[in-house]
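Trainee: pasting the structure only:
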């Protein structure tokens with residue numbers, strides 16, 4: 001036993017010395033890139049939306065992202081100038097005075113002093129068509145769910161799932177962890193927050209599942225998954241949101257997560273990933289989300305194996 005332990009310690013020491021000897025510090029001698037205006041916004045159907053404006057930063061810089069607080073924003077909706085106004089509600093955050101609806105198109109033009117104009121366009125997709133929405137308590141604080149997604153033919157649709165507890169007394173929402181058990185649809189975990197406008201309105205996007213209709217195009221497909229709370233409250237209604245998202249939204253979230261996995265310390269070796277952008281004159285995303293909300297179950301009240309639709 002002592003010999004085995006000795007051999008193990010010797011081999012471990014050799015292994016560590018080998019990698020220490022292979023370590024090489026490479027100096028970056030390229031030019032530092034100039035900051036670019038960054039626009040990040042998600043337009044959600046029937047909800048006032050926000051726009052976050054900052055400057056980009058050099059990837060080796062230790063500085064934070066500088067907010068753009070003097071931007072002027074105007075919108076064109078369905079091809080015509082809009083009376084929509086934007087008020088700054090925080091450092092680099094602007095809130096719209098109007099909401100858009102599924103099927104609307106919009107182009108945002110943002111004038112940044114000394115930088116010219118950045119712009120981006122989006123179209124809010126149709127609200128997804130679903131049926132047979134069901135939920136069961138699975139024990140502990142987990143809830144199983146299923147629904148039939150009626151995917152339109154030949155449209156290349158993209159979808160996102162998210163869910164919350166809703167406190168019946170206060171209306172306060174607490175987000176669930178969402179997972180999907182499906183070998184057919186392509187799902188990507190985009191659990192990190194992408195935008196939080198730091199206001200009393202909930203603009204955070206976290207704990208979501210993202211997928212496309214690549215392998216179910218034009219079909220009626222049953223989606224099954226699990227919702228799990230990390231807080232353990234009971235007696236609250238659960239809201240499941242089944243969202244259609246624009247292709248730009250899907251590509252931005254998917255490449256953002258891929259970039260985090262390749263360079264965020266999760267993988268040992270990863271290739272660089274270019275994060276998708278649809279902003280002209282700068283970088284960032286103008287995304288579009290059309291949600292369908294289903295109230296599933298109240299924990300601790302209903303029985304198992306019941307359709308609560």
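Mentor: Yep, it's here. Predicted model, so just to flag it, every value in this text is computed and none were measured.
Trainee: residue 224 bridge partners, please.
Mentor: residue 146 (DSSP bridges).
Trainee: tally up the residues packed near it, please.
Mentor: For residue 224, the number of neighbouring residues by other C-beta atoms under 10 Å comes to 12. C-beta here means a position set from N, CA and C on the backbone, and glycine is covered the same way.
Trainee: wait, what's in contact with the nearest residue to residue 88 once chain neighbours are set aside?
Mentor: Once flanking residues are discounted, residue 88 sits nearest to residue 94: 5.3 Å by C-beta to C-beta, 6 or more residues apart in numbering. Going by C-beta atoms under 8 Å, 6 or more residues apart in numbering, residue 94 touches 50, 51, 52, 53, 71, 73, 86, 87, 88.
Trainee: which neighbours does the host helix or strand of residue 94 have in its sheet, and in what orientation?
Mentor: Residue 94 belongs to strand 93-96 when elements are defined using DSSP states H and E. Paired with strand 93-96 in the same sheet, following DSSP bridges, are strand 50-55 (antiparallel), strand 86-90 (antiparallel).
Trainee: what pLDDT, on average, does the first one get?
Mentor: Averaging pLDDT along strand 50-55 yields 95.
Trainee: residues in contact with it?
Mentor: With C-beta under 8 Å, 6+ apart, strand 50-55 has contacts from 35-41, 65-68, 71, 73, 86, 89, 92-96, 108, 110, 112, 195, 197, 199, 201, 203.
Trainee: which of the strands paired with strand 93-96 sits closest to residue 163?
Mentor: strand 50-55 (22.0 Å; C-beta to C-beta).
Trainee: that older thread, most tightly packed of the strands paired with strand 93-96?
Mentor: Greatest average neighbour count among those goes to strand 50-55 (a mean of 23), per mean count of other C-beta atoms under 10 Å.
Trainee: buried subset of the contacts of strand 50-55?
Mentor: 35-41, 67-68, 71, 73, 86, 92-96, 108, 110, 112, 195, 197, 203 (16 or more other C-beta atoms under 10 Å).
Trainee: which residue ranges form the helices in the stretch 201-309 of the chain?
Mentor: 247-263 (DSSP state H, counting those that start in this stretch).
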